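Q: Kindly generate the corresponding structure for this input.
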Amino acid sequence: MRVETFTAGPFAENGYLAFCDSGEAVAVDPGAGAARMAAVLAERDADLVAILLTHAHLDHVEGVARLRRFAEAPIHLHPLDRPLYDALPQQAAAFGVDVEPPPAPDRALAHGDTVRFGACGLEVRHAPGHAPGHVLLLAAADGLAFVGDVVFRGSIGRTDLPGGDFQVLMRSIREQVLTLPDETRLYTGHGPDTTVEHERTTNPFLVPHYGGELA
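A: I've put the predicted structure just below:
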């Protein structure tokens, strides 16, 4: 699996394209970089087979409508984030931005499911706390995971938005992130990618030595 990052917009959100050797691809969290995503898919003559959403906050879904016009790929979202998704116009108004409403999701993500494209696959892991229906997408065979806004390089997702819960988020990190092999590369919703080991040993929110609460 090959991953390309598309960072754009006032939120500097990271959207991703994951390519399988079969020529099929999936988009993860198409935000403000969706137009560039579509251009790269066209340049590569790749077949977009799914739009996968780690959660439904504005910056992670604002490009869904644009990408869906490029390809009729099914939109996947965890049902617990459907209210956030449907409230996208209200989210946009709160931040003073204009966003094209996206089509309704086509498929529900559930913990333990695997989304397959070509010979590649992404395992769905429910990881709430930042948002009720937040998921991670794990490609264990490739040693990588798309973690959305659960954890960042040196930080963690915010929990002061509707549906956020700090203790739930910390449990998600403990159970769904820190249990992965140390070398697993984490593709985050904002900022640079990182690894499980780096966050386990240096993240000030996760290491008691720095005042965090996880070892």
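
Q: Could I get the buried residue list for the lowest-mean-pLDDT helix or strand in the chain?
A: Comparing helices and strands within the chain by mean pLDDT, DSSP states H and E singles out helix 88-95 as the least confident, with a mean of 92. For helix 88-95, the neighbour count (16 or more other CB atoms under 10 Å) marks 88, 91-92 as buried. Where you see a C-beta, it was placed from the backbone N, CA and C, and this is true even at glycine.

Q: which residue packs closest to F95, ignoring adjacent ones?
A: Spatially, and ignoring its direct neighbours in sequence, F95 is nearest to L58 (6.5 Å; CB to CB, 6 or more residues apart in numbering).

Q: shouldn't that neighbour be in contact with P89?
A: No: counting by CB atoms under 8 Å, L58 does not reach P89; the two are 9.8 Å apart.

Q: and stretch 149-159, what's its mean pLDDT?
A: Averaging pLDDT along stretch 149-159 gives 97.

Q: Take it, keep the C-alpha atoms, and write them as CSV.
A: The C-alpha trace of stretch 149-159 is given here as CSV (Å, rounded to 0.1, in the frame of the first residue of the first chain):
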residue,chain,number,x,y,z
ASP,A,149,-7.7,13.1,15.3
VAL,A,150,-7.2,10.5,18.0
VAL,A,151,-3.5,11.1,18.4
PHE,A,152,-0.9,13.5,16.8
ARG,A,153,2.8,13.8,16.9
GLY,A,154,3.3,15.0,20.5
SER,A,155,-0.3,15.6,21.2
ILE,A,156,-3.8,14.1,21.3
GLY,A,157,-7.2,15.0,19.8
ARG,A,158,-9.3,17.8,21.4
THR,A,159,-12.3,16.7,23.5
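
Q: Residues touching that stretch, excluding its own?
A: 54-55, 57, 60, 127, 129-131, 134, 136, 148, 164-166, 169-170, 172-173, 176-177, 186, 188-194, 198-199, 202-206 (CB atoms under 8 Å, 6 or more residues apart in numbering).

Q: swap the cut-off to 7 Å and go again
A: 55, 127, 129-130, 134, 136, 164-166, 169, 172-173, 177, 186, 188-192, 194, 199, 203-205 (CB atoms under 7 Å, 6 or more residues apart in numbering).

Q: Return the set of buried residues in that stretch.
A: Quick answer for stretch 149-159 (16+ other CB under 10 Å): 149-153, 155-157, 159.
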